[in-house]
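Q: would you be able to build a 3D model of this:
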Amino acid sequence: MTKGLTLGFRAEEFYRRVSEGKFTGSDGNSLDAELGIEKILEELQLTKKSGKRVFIIGNGGSAAVASHTVTDFLNKGKLSASTIHEPALLTCMTNDYGYEEAFTRILSTVAGKGDVLFAISSSGQSVNIHNAVKRMQELEGTVISLSGFRYDNPLRLLGDLNFWIDSTDYGVVEMGHLFLLHHIADRFASGTK
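A: Numbers count the residues shown, from 1 in each chain. Predicted coordinates:
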């Protein structure tokens, strides 16, 4: 077996890539990781106090990350959080409006001013995610993006706050996003900034 596929090597790679993940604001300027996390925690606190909602979207493995995060946000943080990829709803919207517009159409009905959207895409290239982000911004909501792969991927430039992992390994990027979101849920539930 090559070293690159050993558990120890992959664990070290995961640690390095996630701990070196980059936060940027909507202006593209870098933020310290702890400041980025604090900004997310503040946004979630404001969302909870104002009775607003949190939506989390992704495709494939990122949809699984979204579902897990909703569970943590609801259970631990008592946030009004949901995914919008329930199969019957998503396939209806996809059939009627096309996959690139499915999340956008759903958000147009369920989201509003002051709500938060976590948009997850490992590659940052998913057009349906980009369109949902733009729609959420039109609704005057806040967008937090999570991506990986290329530094200049389109999603990384769209959110109010963006987290990017410098890796092209789906396992590292998807689990890195899950790790970050789990960390945020734990800190939110404990009241720790």
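
Q: just give me the longest helix of this structure.
A: Selection of the longest helix in the chain by residue count, based on DSSP state H, yields helix 170-190.

Q: Arg53 contacts Ser82, doesn't it?
A: Yes. Shown here, Arg53 and Ser82 form a contact pair, counting by Cβ atoms under 8 Å, at 7.1 Å. Any C-beta I mention is one placed from the backbone N, CA and C, and that applies to glycine too.

Q: got a list of what Leu146 touches?
A: Residues counted as contacts of Leu146 (Cβ atoms under 8 Å, 6 or more residues apart in numbering) are Phe118, Ala119, Ile120, Ser121, Asn162, Phe163, Trp164, His177, Leu180, Leu181.

Q: how near is the closest residue to Phe188 other than its chain neighbours to Val116?
A: The spatial neighbour of Phe188 that comes closest, neighbours along the chain excluded (Cβ to Cβ, 6 or more residues apart in numbering), is Gly77 at 4.5 Å. According to Cβ to Cβ, to the nearest Å, Gly77 and Val116 sit 12 Å apart.

Q: what touches both of those two?
A: Common neighbours of Gly77 and Val116 (criterion: Cβ under 8 Å, 6+ apart): Leu44.

Q: quick one: the strands in this structure?
A: For the chain, the strands defined by DSSP state E cover 22-25, 30-31, 54-57, 81-83, 116-121, 142-147, 161-164.

Q: nearest to Asp186, of those?
A: The stretch from these with the least distance to Asp186 (Cβ to Cβ) is strand 81-83; that distance is 14.8 Å.

Q: quick check: the gap between Ser82 and Asp115.
A: From Ser82 to Asp115 the distance is 11 Å (Cβ to Cβ).

Q: and Ala189, by the same measure?
A: Ala189 is 20 Å from Asp115, where distance means Cβ to Cβ.

Q: of these two, which one has the most company?
A: Set side by side, Ala189 and Asp115 show more neighbours around Asp115, with 21 against 15, by other Cβ atoms under 10 Å.
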